[in-house]
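K.L.:
Build me a model:
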Amino acid sequence: MKLIVKALELTGTVDAQRQLHLDEPLPFMGPSRVRVLILVTEEQEITEDEWLRAAASNSAFDFLQNPAEDIYTLDDGKPFHDEG
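P.N.:
Residues are numbered from 1 along each chain as shown. The predicted structure is shown next:
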């Protein structure tokens, strides 16, 4: 028997009794066992240092280490001095 897993993305709310209430009905009929993955939004802002650390260690930017990508020099453009 081949087991097929289908993923659905739905939103909902957890009430004061820790019960999950979906914003809309499930798109299939039960009864059926399901696996539930809860993604919780954190209210905390990420700091600039955390963003910079994450970007510096992200392999998506590895191509910037290629010397062929280093196309600008200090003589390019005009200096920017923020008055703010």
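
K.L.:
Tell me where the chain has strands.
P.N.:
For the chain, the strands defined by DSSP state E occupy 12-14, 20-22.

K.L.:
among the ones you listed, which is nearest Ala54?
P.N.:
Ala54 sits nearest to strand 12-14 of all these, at 28.0 Å, using Cβ to Cβ. Where you see a C-beta, it was placed from the backbone N, CA and C, and this is true even at glycine.

K.L.:
Off-centre distance for the closest one?
P.N.:
Centre-to-centre, strand 12-14 and its host chain are 20 Å apart (Cα atoms, centre = their mean, to the nearest Å).

K.L.:
In terms of secondary structure, what does the helix or strand of the chain with the lowest mean pLDDT contact?
P.N.:
In the chain, the helix or strand scored least confidently by mean pLDDT, DSSP states H and E is helix 48-57, which has a mean of 86. Counting contacts by 3 or more Cβ pairs under 8 Å, 6 or more residues apart in numbering; DSSP states H and E, helix 48-57 packs against no other helix or strand.

K.L.:
picking up where we left off before, can I get the strands of the chain in JSON lines including mean pLDDT?
P.N.:
Converted to JSON lines, those look like this (pLDDT from 0 to 100):
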{"stretch": "strand 12-14", "mean pLDDT": "92"}
{"stretch": "strand 20-22", "mean pLDDT": "94"}
